[in-house]
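Enquirer: coords below, sequence missing:
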């Protein structure tokens, strides 16, 4: 079976499964919503749509009607059990929910919240659960969405963008650096290279050949990843590199060391075992509202580009996960959340 037919089969199965649950919403009950759950670790097939009660905004929270949710490698790691194996939320009860970044419309404001209004368009991050039609989230984790920012971009920016920010600050990337980014065309990598360029660094980025032209538009000098990477980087930078960010794995840490970067200036987002073995930084995303506002301002002023390569309806979360798991696409994959009965939820 070719990949296209496999994907079509996935879409058919997801849609059929959702149709079985959709009857619960046919009466127009505003107190129910669609969400994506999983009740065991495993392949994307463990994801399933279900019907839940709509949450209320507690003190300090906003309730948001979600329009878009980004799909990240962190979602994959939680779903397939990698996080649990590393001791991250290993005792979390099933069923579990996914989704760390979102955009949507405020429709309820909790006590103690100021500065937001009903109907306001926002984006932000959460601790899981953005794969849903409705989300209750602390107001401190939300910022206003600019009118000119698309829903897909807004849903894809928050967590990935802040992960890139934190990584570059941990590596102290600045004007005198030559930075090597492994996985430079991906969701985090493509933002990291732009922020590094804005900081004045020279950036070399590894990616598959089909993404090289894209990286050049971001001011990156692209190299093909895989065997021979060190030699190819040396052709561009005979003196090696001063810092390296690993968003890909696959021997990236060893290659960075071979290119002369000091251990304290090599960071990985994906290879915890390699970080321990080689004594380099294990980087994790940290979120902050001021940091997110900075990203939004950069986007508003045309200084940051967010590429969304594929959009799927919420019902097809499993298909979106398979897309992200290929590891070769550029930019972000986004789940779009439509009103019940619109694309992806009705017969």
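Expert: Right, received. Where do you want to start? It should be emphasised that the depicted structure is a prediction, and the values quoted were computed from it without experimental measurement.

Enquirer: Would you mind listing the buried residues in the helix or strand hosting residue 63?
Expert: Assigned by DSSP states H and E, residue 63 falls within strand 61-71. Residues of strand 61-71 classed as buried by neighbour count (16 or more other C-beta atoms under 10 Å): 61, 62, 63, 64, 65, 66, 67, 68, 69, 70, 71. Quick note: C-beta positions are derived from backbone N, CA and C, even for glycine.

Enquirer: and after that strand, which helix or strand comes next?
Expert: Trace forward from strand 61-71 with DSSP H and E and the next one is helix 73-79.

Enquirer: Show me what that next one is packed up against.
Expert: Identification of packing neighbours for helix 73-79 by 3 or more C-beta pairs under 8 Å, 6 or more residues apart in numbering; DSSP states H and E yields helix 82-85, helix 317-325.

Enquirer: Turn the ones you listed into TSV, including mean neighbour count.
Expert: Below are these laid out as TSV (neighbours: other C-beta atoms under 10 Å):
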stretch	mean neighbour count
helix 82-85	16
helix 317-325	22
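
Enquirer: of all these, which lies closest to residue 148?
Expert: Nearest of the helices and strands packed on helix 73-79 to residue 148, taken as C-beta to C-beta: helix 317-325 at 25.3 Å.

Enquirer: Could you point out the helix or strand that follows that closest one?
Expert: strand 332-336.

Enquirer: Now do that next one: everything it contacts.
Expert: 67-71, 99, 131, 151-152, 155-156, 160, 187, 306-314, 316-317, 320, 323-324, 343-344 (C-beta atoms under 8 Å, 6 or more residues apart in numbering).

Enquirer: what about 6 Å?
Expert: 68-71, 152, 155-156, 187, 308, 310-314, 320, 323-324 (C-beta atoms under 6 Å, 6 or more residues apart in numbering).

Enquirer: One more: stretch 165-172?
Expert: 195, 196, 243, 245, 265, 267, 281, 283, 286, 291.

Enquirer: returning to what we had before: show me what the strand holding residue 63 is packed up against.
Expert: If you count contacts as 3 or more C-beta pairs under 6 Å, 6 or more residues apart in numbering; DSSP states H and E, strand 61-71 packs onto strand 101-109, strand 134-138, helix 151-170, strand 332-336.

Enquirer: can you give me the angle the first one makes with strand 61-71?
Expert: Angular relation of strand 101-109 and strand 61-71 on a 0 to 180 degree scale: 160 degrees, by axes from the mean of the first three to the mean of the last three C-alpha atoms, to 10 degrees.

Enquirer: what's the spacing between strand 101-109 and its chain's center?
Expert: 18 Å (C-alpha atoms, centre = their mean, to the nearest Å).

Enquirer: Also the last one?
Expert: Between the centre of strand 332-336 and the centre of its chain there are 9 Å (C-alpha atoms, centre = their mean).

Enquirer: So for that strand, mean pLDDT?
Expert: Mean pLDDT, strand 332-336: 96.

Enquirer: That strand pairs with which strands?
Expert: strand 61-71 (antiparallel), strand 308-313 (parallel) (DSSP bridges).

Enquirer: Need the residues that contact the first one.
Expert: Read that as strand 61-71. Strand 61-71 is touched from outside by 57, 99, 101-108, 110, 116, 130-131, 133-136, 138-139, 142, 151-152, 155-156, 320, 324, 332-337, with contacts defined as C-beta under 6 Å, 6+ apart.
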